[in-house]
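In: sequence first, then the predicted structure, then my questions.
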Amino acid sequence: MKKFIVLILFAWSCKSSVPTVQEVVDEAIVISGTQKMSNASASFTFRKIKYEYAAENGRYAYTRIQTDSAKNEIKDVLTNDGLERYINNEKIQITDEKRTAYTSSVNSVIYFAFLPSSLNDPAVNKTLLGTVEIDGKSYFKIMVTFDVEGGGEDYEDVFYYWFDTEDYSMDYLAYSYNEDDGQGIRFRVAYNARKVNGVVMQDYRNLKPTLKNSVPLEEIDQAYQDGKLEELSLIELEDVVISF
């Protein structure tokens, strides 16, 4: 009888040692410090364009500031109420098509900048696919999809994230998106991780399959290790400032 109880307890402890997908994401967010971004302000430069971030008590404002060839300041401001465009501080009228495009591009930059905090948004569906090995290290592999309601214009996109099983760092991510001629896939490799006022910021090597449509998204990590991806660009955030 004692032997039976010991076996039950051992089995239970083994089972409980495997974290749930929510536990992995929660721990990764805490380790990264990005939970602090729910009430914070920040700014950074990405590809010579300035971005500003502000969030407080559920309200947010994401701002993109750039200058056109005529030296006009163009400012796109995305808030809970939608997106508005300003030229030299005067609001202008834009078409619904442009509003959708500007909203998507501004939101995308902010989304990637402060990952993994967004993985607990209400419209996010997370699935833990187990552990995999990449370059000799063990990772939790998580798939993310989005609800139609609250999932944004690109709710059909699918994301994958790889979190180190030891320190919960988010070292890789991948995603698919719809294109006119099929589906695009990107795989990002994190580097230059550094803390800015307690928040982990990272840059990324942005990779794509060498041959279009040659790699299923769910197998992109293996394709990376097999040398079937090529570098497309670098995602580098400069002059990062964060305050609370």
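Out: Cool, the structure landed.

In: need phi/psi at the residue most central in space within the chain.
Out: Residue closest to the average C-alpha location in the chain (CA atoms, centre = their mean): residue 112, at 3.8 Å. Note on residue 112: backbone dihedrals following degrees, to the nearest 10 are phi -70, psi -30.

In: quickly note the distance from it to residue 207.
Out: Relative to residue 207, residue 112 is positioned 15 Å away (CB to CB, to the nearest Å). All C-beta atoms are positioned from the backbone trio N, CA, C, and that covers glycine.

In: can you check residue 178 too?
Out: Going from residue 178 to residue 207 by CB to CB gives 19 Å.

In: which one of those two is surrounded by more residues?
Out: Each of residue 178 and residue 207 has its neighbours counted (other CB atoms under 10 Å); residue 207 has more, 22 against 10.

In: who does the helix or strand harbouring the more buried one pair up with?
Out: Assigned by DSSP states H and E, residue 207 falls within strand 199-209. Paired strands of strand 199-209, with direction, are strand 182-196 (antiparallel), strand 229-235 (antiparallel) (DSSP bridges).

In: kindly export the last one (C-alpha atoms) in PDB.
Out: Below are the C-alpha coordinates for strand 229-235, written out as PDB (Å, rounded to 0.1, in the frame of the first residue of the first chain):
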ATOM      1  CA  LEU A 229      16.000  30.400 -43.900                       C
ATOM      2  CA  GLU A 230      17.600  33.600 -45.100                       C
ATOM      3  CA  GLU A 231      18.000  37.000 -43.400                       C
ATOM      4  CA  LEU A 232      15.600  39.600 -44.700                       C
ATOM      5  CA  SER A 233      16.300  42.500 -42.400                       C
ATOM      6  CA  LEU A 234      17.200  43.600 -38.900                       C
ATOM      7  CA  ILE A 235      14.600  44.800 -36.400                       C
END
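
In: what's the least confident helix or strand in this structure, going by average pLDDT?
Out: Each helix and strand of the chain was given a mean pLDDT (mean pLDDT, DSSP states H and E); the minimum falls on helix 2-16 at a mean of 43.

In: following it in sequence, what is the next regular element?
Out: Sequence order places helix 21-32 as the next helix or strand after helix 2-16, per DSSP H and E.

In: phi first, then psi, for residue 118.
Out: Note on residue 118: backbone dihedrals following degrees, to the nearest 10 are phi -70, psi -10.

In: sorry, slip of the keys, the one I care about is residue 211.
Out: Backbone dihedrals for residue 211, given as degrees, to the nearest 10, come out at phi -110, psi 120.

In: what number of residues are in the vicinity of it?
Out: As a burial measure, residue 211 scores 9 neighbours (other CB under 10 Å).
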